[in-house]
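>>> structure here, sequence nowhere to be found:
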(Lines give C-alpha, C1' and ligand atoms only; values in the text may rest on other atoms or scores of the structure.)
Protein backbone atom coordinates (compact mmCIF):
# COMPACT_ATOMS: atom_id res chain seq x y z
CA UNK A 1 0.00 0.00 0.00
CA UNK A 2 2.60 2.50 0.96
CA UNK A 3 4.59 1.92 -2.24
CA UNK A 4 1.49 2.57 -4.30
CA UNK A 5 0.79 5.55 -2.19
CA UNK A 6 4.20 7.07 -2.71
CA UNK A 7 3.98 6.41 -6.38
CA UNK A 8 0.68 8.23 -6.52
CA UNK A 9 1.83 11.24 -4.64
CA UNK A 10 5.49 11.81 -5.10
CA UNK A 11 6.70 11.12 -8.58
CA UNK A 12 7.41 13.67 -11.21
CA UNK A 13 7.07 16.87 -9.23
CA UNK A 14 9.33 19.78 -8.56
CA UNK A 15 11.43 19.79 -11.72
CA UNK A 16 10.48 23.40 -12.12
CA UNK A 17 10.82 24.42 -8.50
CA UNK A 18 13.89 25.87 -6.90
CA UNK A 19 16.32 23.80 -4.84
CA UNK A 20 14.67 24.67 -1.60
CA UNK A 21 11.40 23.14 -2.76
CA UNK A 22 13.07 19.99 -4.09
CA UNK A 23 15.00 19.65 -0.83
CA UNK A 24 11.75 19.89 1.08
CA UNK A 25 10.08 17.40 -1.24
CA UNK A 26 12.83 14.88 -0.52
CA UNK A 27 12.86 15.57 3.21
CA UNK A 28 9.12 15.24 3.60
CA UNK A 29 9.05 12.08 1.53
CA UNK A 30 11.72 10.58 3.80
CA UNK A 31 9.76 11.63 6.86
CA UNK A 32 6.56 10.07 5.58
CA UNK A 33 8.39 6.88 4.61
CA UNK A 34 9.99 6.46 8.05
CA UNK A 35 6.78 7.17 9.95
CA UNK A 36 4.78 4.86 7.70
CA UNK A 37 7.33 2.03 8.08
CA UNK A 38 7.00 2.44 11.82
CA UNK A 39 3.24 2.17 11.65
CA UNK A 40 2.86 5.62 13.17
CA UNK A 41 0.96 7.25 10.36
CA UNK A 42 -1.54 6.11 7.75
CA UNK A 43 -0.95 7.71 4.34
CA UNK A 44 -4.66 7.27 3.72
CA UNK A 45 -5.36 9.54 6.68
CA UNK A 46 -3.09 12.17 5.16
CA UNK A 47 -5.02 11.93 1.90
CA UNK A 48 -8.28 12.32 3.83
CA UNK A 49 -7.00 15.40 5.68
CA UNK A 50 -5.83 17.04 2.46
CA UNK A 51 -9.08 16.24 0.70
CA UNK A 52 -11.05 17.74 3.56
CA UNK A 53 -9.26 21.06 3.35
CA UNK A 54 -9.16 21.12 -0.45
CA UNK A 55 -12.82 20.36 -0.98
CA UNK A 56 -14.92 20.55 2.18
CA UNK A 57 -13.71 23.22 4.57
CA UNK A 58 -13.07 26.65 3.06
CA UNK A 59 -14.23 30.27 2.95
CA UNK A 60 -17.66 29.33 1.57
CA UNK A 61 -18.45 28.18 5.10
CA UNK A 62 -17.69 31.63 6.47
CA UNK A 63 -19.55 33.34 3.63
CA UNK A 64 -22.64 31.33 4.56
CA UNK A 65 -22.32 32.54 8.16
CA UNK A 66 -22.03 36.17 7.00
CA UNK A 67 -24.95 35.92 4.58
CA UNK A 68 -27.10 34.38 7.30
CA UNK A 69 -26.11 37.17 9.71
CA UNK A 70 -27.09 39.78 7.13
CA UNK A 71 -30.43 38.12 6.45
CA UNK A 72 -31.51 37.02 9.89
CA UNK A 73 -31.27 39.50 12.78
CA UNK A 74 -31.85 36.76 15.35
CA UNK A 75 -28.94 34.78 13.97
CA UNK A 76 -26.78 37.92 13.95
CA UNK A 77 -27.63 38.48 17.59
CA UNK A 78 -26.79 34.86 18.44
CA UNK A 79 -23.51 35.26 16.57
CA UNK A 80 -22.66 38.27 18.75
CA UNK A 81 -23.51 36.44 21.96
CA UNK A 82 -22.20 32.94 21.20
CA UNK A 83 -20.43 32.67 17.86
CA UNK A 84 -19.23 29.12 18.49
CA UNK A 85 -22.79 27.82 18.90
CA UNK A 86 -24.34 29.99 16.18
CA UNK A 87 -21.71 28.89 13.66
CA UNK A 88 -22.00 25.24 14.73
CA UNK A 89 -25.75 25.43 14.04
CA UNK A 90 -24.84 25.79 10.35
CA UNK A 91 -22.62 22.71 10.57
CA UNK A 92 -19.24 24.42 10.90
CA UNK A 93 -17.16 23.47 13.91
CA UNK A 94 -14.10 21.50 14.87
CA UNK A 95 -10.39 21.97 14.50
CA UNK A 96 -9.23 25.60 14.82
CA UNK A 97 -12.81 26.74 15.23
CA UNK A 98 -13.45 25.41 18.73
CA UNK A 99 -13.76 28.87 20.29
CA UNK A 100 -15.17 31.34 17.79
CA UNK A 101 -15.82 35.07 18.05
CA UNK A 102 -17.58 37.12 15.38
CA UNK A 103 -16.61 40.78 15.13
CA UNK A 104 -18.91 43.08 13.20
CA UNK A 105 -17.77 45.92 11.00
CA UNK A 106 -19.84 49.07 11.46
CA UNK A 107 -19.98 52.47 9.75
CA UNK A 108 -17.54 53.64 12.46
CA UNK A 109 -15.14 50.72 12.82
CA UNK A 110 -13.30 48.31 10.55
CA UNK A 111 -11.96 45.08 12.04
CA UNK A 112 -8.77 43.30 10.98
CA UNK A 113 -7.53 39.94 12.26
CA UNK A 114 -3.91 38.82 12.60
CA UNK A 115 -1.80 36.35 14.54
CA UNK A 116 1.51 38.06 15.19
CA UNK A 117 2.94 35.04 17.06
CA UNK A 118 2.15 32.21 14.63
CA UNK A 119 -0.67 31.53 12.19
CA UNK A 120 -3.87 31.22 14.25
CA UNK A 121 -6.82 31.32 11.87
CA UNK A 122 -10.44 30.12 11.96
CA UNK A 123 -10.04 26.97 9.88
CA UNK A 124 -13.62 25.77 10.40
CA UNK A 125 -15.06 28.78 8.58
CA UNK A 126 -12.21 29.96 6.34
CA UNK A 127 -10.21 26.79 5.68
CA UNK A 128 -6.43 26.89 5.55
CA UNK A 129 -4.83 30.33 5.73
CA UNK A 130 -3.19 31.90 2.69
CA UNK A 131 0.60 32.20 2.61
CA UNK A 132 0.58 35.96 3.19
CA UNK A 133 -1.39 35.57 6.42
CA UNK A 134 1.39 33.38 7.86
CA UNK A 135 4.30 35.43 6.48
CA UNK A 136 6.34 38.05 8.36
CA UNK A 137 5.25 41.08 6.30
CA UNK A 138 1.60 40.77 7.34
CA UNK A 139 2.21 39.54 10.87
CA UNK A 140 4.65 42.36 11.64
CA UNK A 141 2.75 45.27 10.11
CA UNK A 142 -0.92 44.54 10.71
CA UNK A 143 -0.65 45.79 14.30
CA UNK A 144 1.40 48.93 13.64
CA UNK A 145 0.46 50.02 10.11
CA UNK A 146 -2.87 48.46 9.20
CA UNK A 147 -3.75 51.24 6.76
CA UNK A 148 -0.54 50.60 4.87
CA UNK A 149 -1.31 46.89 4.80
CA UNK A 150 -4.87 47.46 3.62
CA UNK A 151 -3.61 49.73 0.84
CA UNK A 152 -1.57 46.79 -0.46
CA UNK A 153 -4.84 44.89 -0.76
CA UNK A 154 -6.35 47.83 -2.65
CA UNK A 155 -8.50 48.91 0.28
CA UNK A 156 -8.42 52.54 1.37
CA UNK A 157 -10.62 53.40 4.33
CA UNK A 158 -11.88 56.89 5.17
CA UNK A 159 -9.34 58.77 7.34
CA UNK A 160 -11.72 59.01 10.26
CA UNK A 161 -12.77 55.36 10.23
CA UNK A 162 -11.57 53.56 13.34
CA UNK A 163 -9.51 50.43 12.87
CA UNK A 164 -9.54 47.65 15.40
CA UNK A 165 -6.87 44.97 15.03
CA UNK A 166 -7.45 41.66 16.79
CA UNK A 167 -4.21 39.82 17.54
CA UNK A 168 -5.17 36.15 18.00
CA UNK A 169 -2.85 35.47 20.92
CA UNK A 170 -5.04 32.86 22.65
CA UNK A 171 -7.34 30.12 21.36
CA UNK A 172 -10.19 32.40 20.31
CA UNK A 173 -10.61 32.50 16.55
CA UNK A 174 -12.02 35.62 14.94
CA UNK A 175 -14.38 35.95 11.98
CA UNK A 176 -15.00 39.45 10.64
CA UNK A 177 -18.61 40.10 9.64
CA UNK A 178 -18.29 42.75 6.96
CA UNK A 179 -20.92 45.41 6.36
CA UNK A 180 -23.68 44.42 3.98
CA UNK A 181 -23.18 46.23 0.68
CA UNK A 182 -25.70 48.84 -0.46
CA UNK A 183 -28.35 47.78 -2.92
CA UNK A 184 -28.51 44.13 -1.87
CA UNK A 185 -31.92 44.35 -0.20
CA UNK A 186 -33.64 41.85 -2.44
CA UNK A 187 -30.92 39.22 -2.41
CA UNK A 188 -31.25 35.78 -0.88
CA UNK A 189 -28.61 34.14 1.29
CA UNK A 190 -26.92 32.31 -1.54
CA UNK A 191 -26.56 35.43 -3.66
CA UNK A 192 -25.33 37.40 -0.65
CA UNK A 193 -22.74 34.75 0.17
CA UNK A 194 -21.23 35.27 -3.28
CA UNK A 195 -20.40 38.84 -2.27
CA UNK A 196 -18.28 37.69 0.69
CA UNK A 197 -14.63 36.94 -0.02
CA UNK A 198 -12.20 35.23 2.30
CA UNK A 199 -10.31 38.50 2.65
CA UNK A 200 -13.49 40.33 3.69
CA UNK A 201 -13.75 37.91 6.62
CA UNK A 202 -10.13 38.55 7.65
CA UNK A 203 -10.62 42.28 7.23
CA UNK A 204 -8.25 42.92 4.34
CA UNK A 205 -11.22 43.60 2.06
CA UNK A 206 -14.83 44.67 2.31
CA UNK A 207 -17.81 42.74 1.01
CA UNK A 208 -19.02 43.01 -2.53
CA UNK A 209 -15.77 44.33 -3.93
CA UNK A 210 -13.38 42.13 -5.82
CA UNK A 211 -9.78 42.55 -4.66
CA UNK B 1 10.62 33.41 24.54
CA UNK B 2 11.79 36.40 22.55
CA UNK B 3 12.01 34.34 19.38
CA UNK B 4 11.76 35.10 15.69
CA UNK B 5 8.06 34.30 15.73
CA UNK B 6 7.17 37.37 17.81
CA UNK B 7 6.81 39.68 14.83
CA UNK B 8 4.36 42.42 15.85
CA UNK B 9 5.82 45.83 14.99
CA UNK B 10 9.02 44.57 13.38
CA UNK B 11 10.00 46.26 10.14
CA UNK B 12 11.77 45.54 6.91
CA UNK B 13 9.84 42.59 5.53
CA UNK B 14 8.53 44.56 2.58
CA UNK B 15 4.98 44.70 1.27
CA UNK B 16 2.39 42.04 1.92
CA UNK B 17 2.11 40.00 -1.24
CA UNK B 18 -1.40 38.66 -1.65
CA UNK B 19 -1.54 36.11 -4.45
CA UNK B 20 -4.57 36.21 -6.73
CA UNK B 21 -6.53 32.94 -6.73
CA UNK B 22 -3.99 31.43 -4.38
CA UNK B 23 -4.06 27.61 -4.31
CA UNK B 24 -4.33 25.89 -0.94
CA UNK B 25 -0.95 24.26 -1.53
CA UNK B 26 2.04 25.33 -3.61
CA UNK B 27 3.66 21.90 -3.84
CA UNK B 28 2.72 18.30 -3.20
CA UNK B 29 5.00 18.13 -0.18
CA UNK B 30 3.03 20.88 1.54
CA UNK B 31 -0.04 18.65 1.45
CA UNK B 32 1.92 15.82 3.00
CA UNK B 33 3.27 18.13 5.73
CA UNK B 34 -0.23 19.21 6.68
CA UNK B 35 -1.38 15.61 6.94
CA UNK B 36 1.73 14.31 8.67
CA UNK B 37 1.69 17.12 11.21
CA UNK B 38 -1.95 16.53 12.10
CA UNK B 39 -1.42 12.77 12.18
CA UNK B 40 1.52 13.10 14.56
CA UNK B 41 -0.47 15.45 16.75
CA UNK B 42 -2.91 12.57 17.18
CA UNK B 43 -0.18 10.55 18.97
CA UNK B 44 -1.13 12.51 22.08
CA UNK B 45 2.55 12.85 22.99
CA UNK B 46 2.74 16.64 22.94
CA UNK B 47 0.39 19.61 23.20
CA UNK B 48 -0.27 22.34 20.66
CA UNK B 49 1.63 24.64 23.00
CA UNK B 50 4.72 22.45 22.95
CA UNK B 51 4.55 22.31 19.16
CA UNK B 52 4.26 26.10 18.93
CA UNK B 53 7.30 26.41 21.18
CA UNK B 54 9.24 24.00 18.96
CA UNK B 55 8.53 26.31 16.01
CA UNK B 56 9.61 29.37 18.00
CA UNK B 57 12.92 27.67 18.75
CA UNK B 58 13.95 27.47 15.12
CA UNK B 59 16.97 29.80 14.80
CA UNK B 60 15.84 33.26 13.68
CA UNK B 61 17.64 33.35 10.33
CA UNK B 62 16.15 29.98 9.41
CA UNK B 63 12.68 30.81 10.71
CA UNK B 64 12.44 34.03 8.74
CA UNK B 65 13.68 32.40 5.53
CA UNK B 66 11.29 29.46 5.79
CA UNK B 67 7.80 29.03 4.43
CA UNK B 68 5.24 28.09 7.07
CA UNK B 69 5.10 24.45 6.02
CA UNK B 70 8.90 24.33 6.31
CA UNK B 71 8.60 25.73 9.82
CA UNK B 72 6.08 22.99 10.63
CA UNK B 73 8.37 20.31 9.23
CA UNK B 74 11.45 21.42 11.13
CA UNK B 75 9.56 21.66 14.40
CA UNK B 76 7.87 18.31 13.85
CA UNK B 77 11.23 16.61 13.40
CA UNK B 78 12.33 18.03 16.75
CA UNK B 79 9.18 16.77 18.46
CA UNK B 80 9.44 13.31 16.90
CA UNK B 81 13.01 12.94 18.13
CA UNK B 82 12.29 14.41 21.57
CA UNK B 83 9.44 11.98 22.16
CA UNK B 84 11.16 8.91 20.77
CA UNK B 85 9.18 8.39 17.56
CA UNK B 86 11.85 9.03 14.92
CA UNK B 87 15.39 10.36 14.92
CA UNK B 88 17.00 12.85 12.59
CA UNK B 89 19.32 10.06 11.46
CA UNK B 90 16.32 8.00 10.40
CA UNK B 91 14.85 10.86 8.38
CA UNK B 92 18.29 11.53 6.87
CA UNK B 93 18.47 7.88 5.86
CA UNK B 94 14.82 7.69 4.85
CA UNK B 95 14.55 4.37 6.69
CA UNK B 96 13.53 2.96 10.05
CA UNK B 97 16.47 2.24 12.38
CA UNK B 98 14.84 1.78 15.77
CA UNK B 99 11.53 0.89 17.35
CA UNK B 100 9.43 3.96 18.09
CA UNK B 101 7.73 4.98 21.31
CA UNK B 102 4.12 3.85 21.52
CA UNK B 103 1.63 6.55 20.54
CA UNK B 104 -1.68 6.85 22.36
CA UNK B 105 -3.35 6.46 18.99
CA UNK B 106 -2.56 6.24 15.30
CA UNK B 107 -4.81 8.31 13.08
CA UNK B 108 -6.39 6.07 10.45
CA UNK B 109 -8.22 7.33 7.38
CA UNK B 110 -11.62 6.41 8.74
CA UNK B 111 -11.00 8.44 11.91
CA UNK B 112 -10.11 11.69 10.15
CA UNK B 113 -13.59 13.15 9.76
CA UNK B 114 -14.41 12.66 13.45
CA UNK B 115 -11.07 13.92 14.70
CA UNK B 116 -11.21 17.10 12.62
CA UNK B 117 -14.85 17.66 13.59
CA UNK B 118 -14.02 17.29 17.27
CA UNK B 119 -10.95 19.54 17.20
CA UNK B 120 -9.15 20.22 20.44
CA UNK B 121 -11.19 22.46 22.72
CA UNK B 122 -8.99 24.01 25.39
CA UNK B 123 -11.55 25.70 27.60
CA UNK B 124 -11.38 24.36 31.14
CA UNK B 125 -13.27 25.23 34.30
CA UNK B 126 -11.49 27.14 37.07
CA UNK B 127 -12.44 27.51 40.72
CA UNK B 128 -11.84 31.25 40.98
CA UNK B 129 -13.94 34.20 39.92
CA UNK B 130 -12.42 36.46 37.26
CA UNK B 131 -10.15 39.09 38.82
CA UNK B 132 -11.09 41.65 36.18
CA UNK B 133 -14.30 42.84 34.59
CA UNK B 134 -15.04 44.69 31.35
CA UNK B 135 -14.03 48.32 31.68
CA UNK B 136 -11.20 47.66 34.14
CA UNK B 137 -7.88 49.30 33.37
CA UNK B 138 -5.01 46.82 33.45
CA UNK B 139 -1.32 46.79 32.76
CA UNK B 140 0.39 43.86 31.11
CA UNK B 141 3.37 42.47 32.94
CA UNK B 142 6.92 43.03 31.82
CA UNK B 143 8.79 39.77 31.54
CA UNK B 144 11.15 38.07 29.14
CA UNK B 145 10.98 34.34 29.79
CA UNK B 146 13.14 31.95 27.81
CA UNK B 147 10.13 29.65 27.88
CA UNK B 148 6.89 29.77 25.90
CA UNK B 149 4.52 32.70 26.34
CA UNK B 150 1.64 34.17 24.37
CA UNK B 151 2.17 37.73 25.56
CA UNK B 152 3.85 39.41 22.59
CA UNK B 153 6.77 41.76 23.22
CA UNK B 154 4.96 44.77 21.76
CA UNK B 155 2.19 44.37 24.35
CA UNK B 156 4.30 44.00 27.51
CA UNK B 157 4.17 46.69 30.22
CA UNK B 158 1.32 48.43 28.41
CA UNK B 159 -1.87 49.84 29.87
CA UNK B 160 -5.18 48.92 28.30
CA UNK B 161 -8.81 48.25 29.05
CA UNK B 162 -10.49 44.90 29.58
CA UNK B 163 -13.18 44.57 26.94
CA UNK B 164 -14.42 41.05 27.59
CA UNK B 165 -13.98 38.08 29.88
CA UNK B 166 -13.65 35.27 27.36
CA UNK B 167 -13.77 32.22 29.60
CA UNK B 168 -11.08 30.07 31.16
CA UNK B 169 -8.51 28.19 29.12
CA UNK B 170 -5.41 26.03 29.36
CA UNK B 171 -2.40 28.21 30.23
CA UNK B 172 0.10 27.76 27.39
CA UNK B 173 3.11 29.10 29.29
CA UNK B 174 2.89 26.03 31.56
CA UNK B 175 1.33 23.54 29.19
CA UNK B 176 4.11 23.94 26.63
CA UNK B 177 6.59 22.68 29.20
CA UNK B 178 4.74 19.70 30.62
CA UNK B 179 3.78 21.62 33.76
CA UNK B 180 0.08 20.93 33.44
CA UNK B 181 -2.86 22.76 31.95
CA UNK B 182 -3.33 25.14 34.92
CA UNK B 183 -6.27 26.97 33.32
CA UNK B 184 -6.80 30.69 33.87
CA UNK B 185 -9.32 33.33 32.87
CA UNK B 186 -8.63 34.93 29.51
CA UNK B 187 -9.52 38.55 28.74
CA UNK B 188 -9.62 40.61 25.59
CA UNK B 189 -7.57 43.70 26.42
CA UNK B 190 -7.64 46.74 24.12
CA UNK B 191 -4.82 49.25 23.77
CA UNK B 192 -4.72 52.60 22.01
CA UNK B 193 -2.06 52.54 19.33
CA UNK B 194 -0.36 55.49 21.06
CA UNK B 195 0.16 53.39 24.19
CA UNK B 196 1.91 50.70 22.18
CA UNK B 197 3.69 52.63 19.46
CA UNK B 198 4.07 56.10 20.97
CA UNK B 199 4.83 59.09 18.79
CA UNK B 200 3.28 59.05 15.37
CA UNK B 201 0.85 56.25 16.15
CA UNK B 202 -2.34 56.07 14.09
CA UNK B 203 -4.94 57.90 16.24
CA UNK B 204 -7.75 55.82 14.73
CA UNK B 205 -6.12 52.50 15.66
CA UNK B 206 -6.75 50.22 18.62
CA UNK B 207 -5.16 46.80 19.01
CA UNK B 208 -6.38 43.97 21.21
CA UNK B 209 -4.75 40.85 22.52
CA UNK B 210 -6.27 37.92 24.38
CA UNK B 211 -4.43 37.76 27.69
CA UNK B 212 -4.35 35.12 30.40
CA UNK B 213 -5.07 36.52 33.85
CA UNK B 214 -1.50 36.15 35.11
CA UNK B 215 -0.30 38.43 32.29
CA UNK B 216 -2.26 41.30 33.83
CA UNK B 217 -2.03 43.65 36.83
CA UNK B 218 -4.63 46.10 38.00
CA UNK B 219 -3.74 49.73 37.35
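Arrived safely. A quick note: this is a predicted structure, and the numbers were derived from the prediction, not measured.
>>> hmm, whichever strand or helix holds residue A:84 touching chain B?
Taking DSSP states H and E as the definition, residue A:84 sits inside helix A:83-88. No - applying C-beta under 8 Å from any C-beta of the partner chain, one finds helix A:83-88 separated from chain B by no less than 9.3 Å. For the C-beta atoms, the positions are set from N, CA and C on the backbone; glycine is no exception.
>>> counting contacts, what elements does that helix pack onto?
Packing partners of helix A:83-88 (3 or more C-beta pairs under 8 Å, 6 or more residues apart in numbering or on different chains; DSSP states H and E): helix A:73-81, strand A:100-104.
>>> among these, which is the most enclosed?
Among those, strand A:100-104 has the highest mean neighbour count (mean count of other C-beta atoms under 10 Å in any protein chain shown), at a mean of 21.
>>> and it, how far out from the chain middle?
Put simply, strand A:100-104 sits 13 Å off its chain's centre (C-alpha atoms, centre = their mean, to the nearest Å).
>>> list the residues that contact the residue nearest the centre of chain A.
Among the residues of chain A, residue A:126 comes closest to the average C-alpha position under C-alpha atoms, centre = their mean, at 3.4 Å. Counting by C-beta atoms under 8 Å, 6 or more residues apart in numbering or on different chains, residue A:126 makes contact with A:58, A:59, A:61, A:62, A:175, A:198, A:201, A:202.
>>> endpoints of stretch B:100-107, how far apart?
16 Å (C-alpha to C-alpha, to the nearest Å).
>>> so it, near chain A or not?
Yes - counting by C-beta under 8 Å from any C-beta, chain A is contacted by stretch B:100-107 at B:100, B:103, B:106, B:107.
>>> quickly find the element holding the closest residue to chain A within chain B.
The nearest approach of chain B to chain A comes at residue B:35, 2.9 Å away (C-beta to the nearest C-beta). Taking DSSP H and E as the criterion, residue B:35 maps to helix B:28-41.
>>> what are the contacting residues of that helix?
A:9-10, A:13-14, A:21, A:24-25, A:27-29, A:31-32, A:35, A:40-42, A:45-47, A:49-50, A:53, A:128, B:25, B:48, B:51, B:67, B:69, B:72-73, B:76, B:79-80, B:85, B:106-107, B:116.
>>> which of these fall within strands?
Judged by DSSP state E, strands contain none of those.
>>> now the buried members of those residues.
Buried by 16 or more other C-beta atoms under 10 Å in any protein chain shown: A:9-10, A:14, A:21, A:24-25, A:27-29, A:31-32, A:35, A:40-42, A:45-47, A:49-50, A:53, A:128, B:25, B:48, B:51, B:67, B:69, B:72-73, B:76, B:79-80, B:85, B:106-107, B:116, out of those.
>>> re earlier: from the residues of stretch B:100-107 next to chain A, which land in helices?
Judged by DSSP state H, the residues of stretch B:100-107 next to chain A include no members of helices.
>>> pick out whichever of those residues sits closest to residue B:166.
Taking C-beta to C-beta as the measure, residue B:107 is the one of those closest to residue B:166, at 30.0 Å.
>>> per-residue pLDDT, that closest one?
For residue B:107, the model assigns a pLDDT of 97.
>>> please name the nearest non-neighbouring residue to it.
residue B:42 (4.0 Å; C-beta to C-beta, 6 or more residues apart in numbering or on different chains).
>>> quick one on the thing from earlier: mind listing what the closest residue to the residue of chain B closest to chain A other than its chain neighbours touches?
Leaving out its chain neighbours, the residue that sits closest to residue B:35 by C-beta to C-beta, 6+ apart is residue A:46, at 2.9 Å. With contacts defined as C-beta under 8 Å, 6+ apart, residue A:46 is in contact with A:32, B:31, B:32, B:34, B:35, B:36, B:39.
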